[in-house]
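Enquirer: what's the 3D shape of this:
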Amino acid sequence: MSKTINIGLIGLGTVGGGVVSVLRDNLNLIEARIEALVRLKKVCDLDLDRARKLGLNSEQLTARAEEVVTDPEIDIVIELIGGYEPARTFILEAIRHGKQVVTANKALLAKYWGEVMSAAAEYRVGLGFEASVGGGIPLLSSIRTGLAANRIESIFGIINGTCNYILTVMESQGKEFNEVLAEAQAEGYAEADPSFDIEGIDTAHKIIILASLAFGQWVKMEEVYTEGIIRLTRADITCAKEFGYTLKLLGIAREEKSELDVRVHPVLIPNHHPLAAVDGVYNAVYCQGSLTGPLLFYGQGAGRFPTASAVVADCIALARDLLAGQVRLPWRPGDKPKIVKGIKSAKTRYYIRFSALDQPGVLAEISGILGRHRISIASVIQKERGTKDSVPVIMLTHEALEKDMQAALSQIDQLPVIKDKSLIIRIEEL
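Expert: All right, here's what the predicted structure looks like:
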């Protein structure tokens, strides 16, 4: 092997350390598949002691990212520091210097997709971001290459392991949200500040990337309705099971004629559907291709080595392109952008939980308001007495428009017999 691919790495956190280990332990395999020598030439991290513990020598180390992105010998720059800045600056600077770039930074891509993709196209460089969605699952490469002949019709994704773990434990152990969240933090499955996960923001970042790839149109964060799992209770999970459904937090992306439907929120899915069986910290994406029909991608959505696997896979793909003297642009926009419709235009069935006074006439009053807003009730469960004479009343509706549901709930929640804000969970039959 007479040719050498030089790699520069910025960030030696959990994933960065995993990348160093993979490039060291699997070097012979990687070089055989690329048919070239691979050298980790420069590594940037503020904690140089951490870098030395990974067996890196002083010649490889720097605390200045500029030494990585401007080094004329480096072919591929890996960015693994996360966040918006200075990661954005480093990525754009590397692109301007003609480097191939690999990143796992889903938040940055979701926010600056247009800028980063335009820069890659202008400077004719490759950009790998497989690790940004689904950890070790080869999902984005499947959409870009394996399904290239298909029109992607819909994507339903369990793409946040923290939320899926919380919902799984709430179901299996009958615990409430706050208790399970605390346990998840203690076990390292949730961050000290878990807001990005439990409020659905992390899932929104990922569904934006999936939708933008699948539909050839950058979907912006402000266009995506985003709702987390904070208000869900074990009673909701139990009632869902009684109705034949499982509760999951989904990222949804769907093409509907002249519109795109992209949103994130808790969803009831049929117990028999494959996504209903995805437990714990695992991720899964259910994708409908126009030629392939339904496909299910399943695996570890985070973690040191699953994510490092995706990062190094991108490096291998970009190295092959470099050696072949070709550039495959990471994304091309479609010809005719579609409107991303708002949540109020959604049409679905609903699970509704009311907290009402335990007295005659309450159901009739609620049903009357729903009926006046063209919402038809399919099933009703009234559970045992709650607190302070209130009881949970659970309804399943037939299909209705979201705007009608929101208008009805606005009136219902003002009734003197309603003691807490009502909860809706949308139902997807998939």
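Enquirer: which stretches of the stretch 1-150 of the chain aren't confidently modelled?
Expert: For the stretch 1-150 of the chain, the stretches with pLDDT under 70 are 1.
Enquirer: Now do the helices in it.
Expert: 14-25, 27-34, 48-53, 66-69, 87-96, 106-123, 140-141 (DSSP state H, counting those that start in this stretch).
Enquirer: Which strands or helices does the helix or strand just after the shortest one pack on?
Expert: Okay, so that is helix 140-141. If you walk from helix 140-141 toward the C-terminus, the next helix or strand you reach (DSSP states H and E) is strand 152-158. When contacts are defined as 3 or more C-beta pairs under 8 Å, 6 or more residues apart in numbering; DSSP states H and E, strand 152-158 packs onto helix 201-215, strand 245-256, strand 282-289. C-beta here means a position set from N, CA and C on the backbone, and glycine is covered the same way.
Enquirer: CA atoms of strand 152-158 as CSV?
Expert: Provided in CSV are the C-alpha atoms of strand 152-158 (Å, rounded to 0.1, in the frame of the first residue of the first chain):
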residue,chain,number,x,y,z
ILE,A,152,-39.5,7.5,0.6
GLU,A,153,-43.1,7.7,1.6
SER,A,154,-42.9,7.7,5.3
ILE,A,155,-40.5,7.4,8.3
PHE,A,156,-41.5,6.6,11.9
GLY,A,157,-38.6,6.6,14.3
ILE,A,158,-37.9,5.6,17.9
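Enquirer: Kindly calculate the angle that it makes with strand 245-256.
Expert: In terms of direction (axes from the mean of the first three to the mean of the last three C-alpha atoms, to 10 degrees), strand 152-158 departs from strand 245-256 by 150 degrees.
Enquirer: contacts for strand 152-158?
Expert: Outside strand 152-158, the residues that touch it by C-beta atoms under 8 Å, 6 or more residues apart in numbering are 134, 143, 164, 203, 206-207, 210-211, 214-215, 248-255, 275, 278, 282-290, 428, 430.
Enquirer: need the contact list for residue 268.
Expert: Neighbours of residue 268 in contact, by C-beta under 8 Å, 6+ apart: 240, 243, 245, 246, 247, 351, 425, 426, 427, 428.
Enquirer: With distance to residue 99 as added columns, please give these in a markdown table.
Expert: Shown next, in a markdown table, are the contacts of residue 268 (distance: C-beta to C-beta, whole Å):
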| residue | distance to residue 99 |
| --- | --- |
| 240 | 49 |
| 243 | 53 |
| 245 | 48 |
| 246 | 44 |
| 247 | 44 |
| 351 | 49 |
| 425 | 45 |
| 426 | 43 |
| 427 | 47 |
| 428 | 42 |
